[in-house]
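> next comes the sequence, and after it the predicted model I'd like to discuss.
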Amino acid sequence: MALAKGARITGGIFCLLFFLFTACWLVVDLGEFGIGGLWDSWTFQHSGGTNQVTTPFHVGLALVQLAAVFTAFAGQRVAGGLLAVATTFTFATALQAVISTGSHTSDERWFVHAENATTTFDGVFVSSLGVLLLSFAAGVVLLTGMRSWPRAKPSDPPVRPTRTAGTVAALLLGAMVPANLAWQIYLLTQGGGSFTTFYLGKGVLSSLLCMAPGWSALVFLVLTALAGVNSLMRGGAARGLAIGLAVLSLPSALVTLIALAGNGALFTLDDGMPGLSILNALQLLLDLLGSPALLALMARGEPVAAAWYPPSLAPQFAGPGFVPPPGPQAPPAWQPPAGPVPPVSGPPMPPVGAPPVPPGNPPSPQGGFGPPRY
């Protein structure tokens with residue numbers, strides 16, 4: 001499978017709009033809180049400012065969106081997977097923002113530090129609603145733009161990971177899937193929070209574009225499993241999916257590592273939930289080591305074929321329900337020889353000038369076997 005050129009360019013335009021959305025709110029936070037204040041919030045030095053919009057996750061999201069734009073316009077085969085990751089997480093972020101900002105009030109709070117009826121708060125709601133519709137349209141374009149390969153028109157073959165890279169990447173992504181599932185199950189059973197708190201983020205969201213922990217884990221789970229299966233099968237979308245997930249996860253993992261080291265909590269266990277501390281450390285280790293490994297493994301690929309070859313045509317014979325394909329038909333396999341057609345064999349003709357033979361059966365020659373004729 002490959003992404004059609006029109007769908008790739010259209011997806012690149014959509015991702016450019018998504019990048020402008022994310023970058024705009026990062027700039028707003030920098031102007032409102034400054035680099036120092038934003039960094040202190042990201043590294044858990046304080047709980048965050050009022051109406052803070054972004055987190056370290058959005059740095060990775062902006063990088064994925066920008067990478068999807070460049071690869072789509074440059075015609076790179078890795079663009080399809082990057083467009084899928086960027087569009088999916090943009091849709092998930094916008095959907096969370098529309099629900100949380102649309103439901104937050106002074107009596108029913110969804111955010112830890114947020115005040116509604118402000119320019120920033122209303123701006124996040126309106127812009128997220130527009131991005132939600134655009135990301136849904138982008139997803140439809142990408143899904144309908146998938147084409148089988150080879151096509152009748154000559155084109156470059158899709159690029160897949162090498163056999164070794166596909167196997168190792170599948171193992172890495174496969175290890176992330178059970179760790180993600182175990183983390184969700186532990187929090188649902190031992191965390192003590194409600195379903196709406198875990199998957200919708202009611203009352204625990206730290207920023208206006210922050211995703212609920214369970215919702216974020218669920219989206220990561222689906223894309224990680226999809227990328228792992230594609231890597232194992234060496235599909236054409238495997239490289240883009242793996243690279244997109246690695247770029248998305250690495251900034252958050254690095255900032256979390258710095259924050260834990262700075263606060264002296266890197267090698268400590270929570271007395272109340274030691275199992276959660278172990279699962280968090282395992283996921284952090286997979287993100288820190290697995291993301292660079294995925295980037296290195298998927299940096300280069302190999303084409304699925306040496307060059308374009310024509311697709312196999314439908315059988316050229318009539319049968320029940322057979323409809324010949326449109327266009328000129330191929331000639332039949334047998335053709336009459338060129339030149340004059342020889343006469344069909346028959347009874348011998350009399351020589352020129354001989355009297356005509358009377359009608360009826362010609363007389364049999366004398367001799368040979370059988371009685372003579374009189």
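Thanks, I have it. As the structure is a computational prediction, the values presented were derived from the model and not from experiment.
> secondary structure element for residue 47?
Remark: residue 47 resides in no helix or strand, with elements defined by DSSP states H and E.
> now it: phi and psi?
Main-chain dihedrals, residue 47, degrees, to the nearest 10: phi -80, psi 0.
> point out the other helices and strands that the strand or helix carrying residue 240 packs with.
Per DSSP H and E, residue 240 falls inside helix 238-262. Counting contacts by 3 or more CB pairs under 8 Å, 6 or more residues apart in numbering; DSSP states H and E, helix 238-262 packs against helix 56-74, helix 79-103, strand 159-160, helix 163-190, helix 213-233, helix 274-297. From N, CA and C alone the C-beta is placed, and that goes for glycine too.
> in it, which residues are buried?
Using 16 or more other CB atoms under 10 Å as the test for burial, helix 238-262 gives 238-256, 259-260.
> report the distance from it to the chain centre.
Centroid displacement of helix 238-262 relative to its chain, using CA atoms, centre = their mean, to the nearest Å, is 19 Å.
> worst mean pLDDT among the helices and strands packed on helix 238-262?
With a mean of 82, strand 159-160 has the lowest mean pLDDT of these.
> now for that one, which elements pack on it?
helix 238-262, strand 302-303.
> and if we set it to 7 Å?
If you count contacts as 3 or more CB pairs under 7 Å, 6 or more residues apart in numbering; DSSP states H and E, strand 159-160 packs onto strand 302-303.
> for the strand it packs on, which strands pair with it and how are they oriented?
Strand 302-303 pairs in its sheet with strand 159-160 (antiparallel), by DSSP bridges.
> mind listing residues that contact the partner strand?
77, 234, 235, 236, 238, 239, 301, 302, 303, 304 (CB atoms under 7 Å, 6 or more residues apart in numbering).
> swap in 6 Å and give it another go.
77, 234, 236, 301, 303, 304 (CB atoms under 6 Å, 6 or more residues apart in numbering).
> most neighbours, which of those?
In terms of neighbours by other CB atoms under 10 Å, the contacts of strand 159-160 top out with residue 236 at 25 neighbours.
> re earlier: and the helices and strands packed on helix 238-262 as TSV, adding distance to residue 31?
Shown next, in TSV, are the helices and strands packed on helix 238-262 (distance: least, CB to CB, whole Å):
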stretch	distance to residue 31
helix 56-74	15
helix 79-103	20
strand 159-160	41
helix 163-190	35
helix 213-233	26
helix 274-297	29
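> can I get the ones you listed in JSON lines including mean neighbour count?
What follows is the helices and strands packed on helix 238-262, written out as JSON lines (neighbours: other CB atoms under 10 Å):
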{"stretch": "helix 56-74", "mean neighbour count": "23"}
{"stretch": "helix 79-103", "mean neighbour count": "24"}
{"stretch": "strand 159-160", "mean neighbour count": "20"}
{"stretch": "helix 163-190", "mean neighbour count": "17"}
{"stretch": "helix 213-233", "mean neighbour count": "20"}
{"stretch": "helix 274-297", "mean neighbour count": "17"}
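> do you know which of these lies nearest residue 202?
helix 79-103 (7.8 Å; CB to CB).
> after the closest one, which helix or strand is next?
Past helix 79-103, the next helix or strand by DSSP H and E is helix 119-144.
> now do the buried residues in that following helix.
Applying 16+ other CB under 10 Å to helix 119-144 flags 120-121, 123-125, 127-129, 131-132, 134-135, 138-139, 141-142 as buried.
> residue 19: which of those residues is nearest?
Taking these together and measuring to residue 19 by CB to CB, the closest member is residue 131, at 10.9 Å.
> just checking, that closest one touches residue 93?
No: using CB atoms under 6 Å, residue 131 is not in contact with residue 93; the gap is 8.1 Å.
> which of the contacts of strand 159-160 sit farthest apart?
77 and 234 (13.2 Å).
> what sits against residue 177?
With contacts defined as CB under 6 Å, 6+ apart, residue 177 is in contact with 224, 225.
> hmm, who's touching the helix holding residue 240?
Contacts of helix 238-262 (CB under 6 Å, 6+ apart): 42-44, 56-57, 59-60, 63-64, 78, 80-82, 85, 161, 169, 227, 230-231, 266, 284, 287-288, 291, 294-295, 298, 301.
> repeat that for stretch 57-72.
8, 11-12, 15-16, 18-19, 22-23, 78-79, 82-83, 85-86, 89, 244, 247-248, 251-252.
> can we see that at 8 Å?
8-9, 11-12, 15-16, 18-19, 22-23, 25-26, 78-79, 82-83, 85-86, 89-90, 93, 209-211, 216, 240, 243-244, 247-252 (CB atoms under 8 Å, 6 or more residues apart in numbering).
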